[in-house]
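> Predicted model, plus sequence, below.
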Amino acid sequence: MPNANSSTAAITDEQVLIVGGGHVGLSFALMLAHQGIKSTLLEKNRFPELSPDDEGFQQHYLDSRNTALSRRTVQIYQEINLWDKLQSHACRIDGVEISEQGSFGKAALNKEEEHVESFGQVMENAWLGRKLLLAAKAEPLITLIDNAQVTNVTQDSDSVSLIFSYFDETNEQQLQGSILVACDGRDSTVRNILGIETTTYDYEQTAIVGVVETDQPHHHIAIERFSPAGPLAVLPLTDADGDGNNDLQTGYRRSVVWVCPKGEESRYLTDEAHFLQTLQEAFGNRAGTFLKAGRRGAYPLTRVLAKKQVLGRCVIMGNAAHTLHPVAGQGFNLCLRDAHVLAKMLSRQVLKGEDIGDNTMLKRYERARLVDQKRVIRFCDAVVHGFTHPNPAVKLARNVALIAFDKLPRVKPLVANYAMGLKS
Ligand SMILES: Cc1cc2nc3c(=O)[nH]c(=O)nc-3n(C[C@H](O)[C@H](O)[C@H](O)COP(=O)(O)OP(=O)(O)OC[C@H]3O[C@@H](n4cnc5c(N)ncnc54)[C@H](O)[C@@H]3O)c2cc1C
């Protein structure tokens with residue numbers, strides 16, 4: 001069944017067709033709506049029923065991950081008047097501590113030294129997805145179609161057509177637009193239909209994610225710790241319902257992202273005591289005592305890069321364009337910057353009365369974004385390889401690098417700006 005916003009009568013001749021209603025697809029549709037541009041978004045899963053008052057919300061309907069939103073991402077959401085709706089469930093990062101278990105090197109960033117309001121915010125994916133979906137459902141310029149799969153894409157010099165069918169129906173339907181933007185994730189169907197190849201690299205690692213409780217408050221500090229069990233990040237979270245009161249009374253919520261070698265994840269997923277004990281050993285008393293862990297999720301880590309992001313009137317965006325390692329918390333933030341630039345370029349085309357699917361303009365978009373994308377990909381891989389290499393000489397070098405980072409006056413602001421997504 002299409003959701004309440006869907007209507008087969010109103011979905012032809014839309015300007016922008018979007019495939020994929022993850023965080024990138026929904027955010028892009030909202031950015032377009034802010035520019036006055038209509039879109040139709042097609043998602044293969046059923047969107048959950050949501051009520052604006054948050055009642056009856058099953059917090060884990062999407063996934064157990066949490067996303068560190070950079071300052072630039074927050075600015076983009078502010079620009080499209082969405083941040084007010086998101087911020088009650090977002091937790092500020094005022095400081096970052098980086099260290100390695102059993103080593104002398106460590107580094108710290110704090111917001112006073114860097115003269116920033118915060119380094120970013122952490123939000124549970126379940127809340128982010130819910131808030132984006134609520135905003136999209138309320139937006140008259142966005143038509144949402146769910147429970148539907150793409151079966152073909154065709155394009156000519158004037159338009160692009162998307163052929164799809166609902167999962168519970170056999171007959172196919174067609175949508176026509178000036179441009180199609182594929183935000184359908186790492187294994188993108190649209191990318192495959194268009195015959196766009198990828199380069200893939202398997203990190204042979206799995207990310208374990210979840211929410212834990214500690215007996216000490218987080219004081220809005222994000223802790224990145226490199227341990228023999230793999231790199232770990234413990235990020236501050238709001239209390240469960242975002243009302244500012246710690247309703248749990250027992251402990252303080254934090255988000256954990258733990259990258260371990262492939263094959264080692266099963267015990268951490270099934271055995272809470274083992275998970276908590278390994279965390280405690282890796283962190284010592286930096287975060288206090290780890291009391292409890294919620295349901296953990298496991299994500300196999302591969303880097304997937306589309307060899308082209310533009311073909312005719314089609315754009316590949318989000319994880320469909322570049323799926324990165326999560327160690328530096330950059331993937332979604334990079335996708336959002338891509339979406340923001342494209343929405344602005346389409347808006348300029350509309351103002352000039354020009355075709356929003358014009359291939360020359362779309363190629364310009366692709367070229368412009370490659371600089372930021374390549375920089376982030378290099379940064380993520382440098383962190384992954386630099387901090388997981390077991391060689392003692394490499395370990396010494398990274399400790400020296402951490403000290404240098406902490407002490408050299410001009411290095412910290414540079415890296416801080418970079419991680420906040422403010423330099424591209
Ligand atoms: C463990 C982990 C932690 C992370 N932490 C961070 C972080 O802190 N900060 C950060 O910036 N990034 C982070 N990331 C990266 C971030 O999660 C991704 O970049 C982001 O989720 C990409 O969103 P997306 O919408 O492009 O893709 P997805 O989230 O994969 O969404 C794709 C959507 O398309 C739909 N779809 C798929 N196929 C079809 C089809 N054929 N037809 C219609 N719909 C379809 C799917 O159902 C889904 O809704 C992390 C990633 C991982 C794995």
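Received it, and whenever you're ready, just let me know what you need.

> And the closest residue to the ligand within the stretch 151-300 of the chain, its phi and psi?
Closest contact between the stretch 151-300 of the chain and the ligand, by C-beta to the nearest ligand atom, is at residue 185 (2.9 Å). (Glycine included, C-beta is placed from N, CA and C.) The phi/psi pair for residue 185 (degrees, to the nearest 10) reads phi 80, psi -180.

> and if you look at residue 186?
phi -50, psi -40.

> Leaving out the residues flanking it, which one is nearest to it?
residue 323 (4.4 Å; C-beta to C-beta, 6 or more residues apart in numbering).

> That neighbour and residue 180: what is the separation?
20 Å (C-beta to C-beta, to the nearest Å).

> do the same with residue 95
Distance of residue 95 to residue 180, computed by C-beta to C-beta: 42 Å.

> For the two, work out which one has more neighbours and name it.
residue 180 (28 against 20; other C-beta atoms under 10 Å).

> residue ranges for the helices of the stretch 151-300 of the chain, please.
Ranges of helices in the stretch 151-300 of the chain, per DSSP state H, counting those that start in this stretch, are 189-193, 265-270, 272-283.

> tell me the most buried of these?
For those, the largest average neighbour count (mean count of other C-beta atoms under 10 Å) is found in helix 189-193, namely a mean of 20.

> Would you mind giving the secondary structure of residue 47?
coil (DSSP: H, G, I helix; E, B strand; the rest coil).

> Residue 136 versus that one, what's the distance?
Noted for residue 47: a distance of 9 Å to residue 136, by C-beta to C-beta.

> what do you get for residue 378?
Residue 378 sits 33 Å away from residue 136, going by C-beta to C-beta.

> One more: residue 298?
29 Å.

> One more: residue 111?
32 Å.

> More neighbours: these two, which one.
Using other C-beta under 10 Å as the criterion, residue 111 and residue 136 rank with residue 136 on top: 23 against 17.

> anything in the helix or strand hosting that one near the ligand?
According to DSSP states H and E, residue 136 maps onto helix 125-137. No - using C-beta under 6 Å from any ligand atom, helix 125-137 never reaches the ligand; the gap is at least 7.2 Å.

> counting contacts, what elements does that helix pack onto?
When contacts are defined as 3 or more C-beta pairs under 8 Å, 6 or more residues apart in numbering; DSSP states H and E, helix 125-137 packs onto helix 23-34, strand 66-70, helix 83-86, strand 142-145.

> if you set the cut-off to 10 Å instead, what comes out?
helix 23-34, strand 66-70, helix 71-79, helix 83-86, strand 90-93, strand 120-124, strand 142-145 (3 or more C-beta pairs under 10 Å, 6 or more residues apart in numbering; DSSP states H and E).

> what is the mean pLDDT for it?
Here helix 125-137 scores 93 as its mean pLDDT.

> what does the chain have sitting close to the ligand?
So far as C-beta under 6 Å from any ligand atom goes, the chain lies against the ligand at 19-25, 42-45, 65, 67-68, 149-150, 183-185, 189, 207, 209, 257, 299, 318-319, 326, 329-333, 335.

> Low-confidence bits of the stretch 301-424 of the chain, can you list those?
Residue ranges of the stretch 301-424 of the chain with pLDDT under 70: 386-424.

> Mark out where each domain of the protein begins and ends.
8-65+129-200+303-380, 66-121+204-301+394-419 (automatic domain parsing).

> In terms of mean pLDDT, which of those domains ranks lowest?
domain 66-121+204-301+394-419 (a mean of 81).

> what distance separates it from the centre of its chain?
Centre-to-centre, domain 66-121+204-301+394-419 and its host chain are 15 Å apart (C-alpha atoms, centre = their mean, to the nearest Å).

> contacting residues for the spatially most central residue of the chain?
For the chain, the residue nearest the mean C-alpha position is residue 332 (2.7 Å; C-alpha atoms, centre = their mean). Neighbouring residues of residue 332 by C-beta atoms under 10 Å, 6 or more residues apart in numbering: 22-24, 27, 65, 67-70, 73, 125, 128, 318-319, 324, 326.

> and it, what helix or strand is that in?
Judged by DSSP H and E, residue 332 forms part of helix 331-352.

> buried sites along that helix?
Within helix 331-352, the residues scored as buried using 16 or more other C-beta atoms under 10 Å are 331-343, 345-347, 349.

> before we move on, back to that, can you redo the helices of the stretch 151-300 of the chain as a markdown table with distance to residue 308?
Shown next, in a markdown table, are the helices of the stretch 151-300 of the chain (distance: least, C-beta to C-beta, whole Å):
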| stretch | distance to residue 308 |
| --- | --- |
| helix 189-193 | 9 |
| helix 265-270 | 33 |
| helix 272-283 | 41 |
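
> Please enumerate the helices of the stretch 301-424 of the chain.
When secondary structure is read from DSSP H, counting those that start in this stretch, the stretch 301-424 of the chain shows helices at 331-352, 359-388, 392-407, 411-419.

> Residue 318 versus the closest residue to the ligand within the stretch 1-150 of the chain, what's the distance?
Here the stretch 1-150 of the chain gets closest to the ligand at one residue, residue 22, 2.2 Å apart by C-beta to the nearest ligand atom. Counting by C-beta to C-beta, the gap from residue 22 to residue 318 is 7 Å.

> So these two - more neighbours on which side?
Shown here are residue 22 and residue 318; by other C-beta under 10 Å, residue 318 has more neighbours (28 against 21).

> residues touching that one, list them.
With C-beta under 10 Å, 6+ apart, residue 318 has these contacts: 20, 22-25, 27-28, 181-186, 188, 331-332, 334-336, 338-339.
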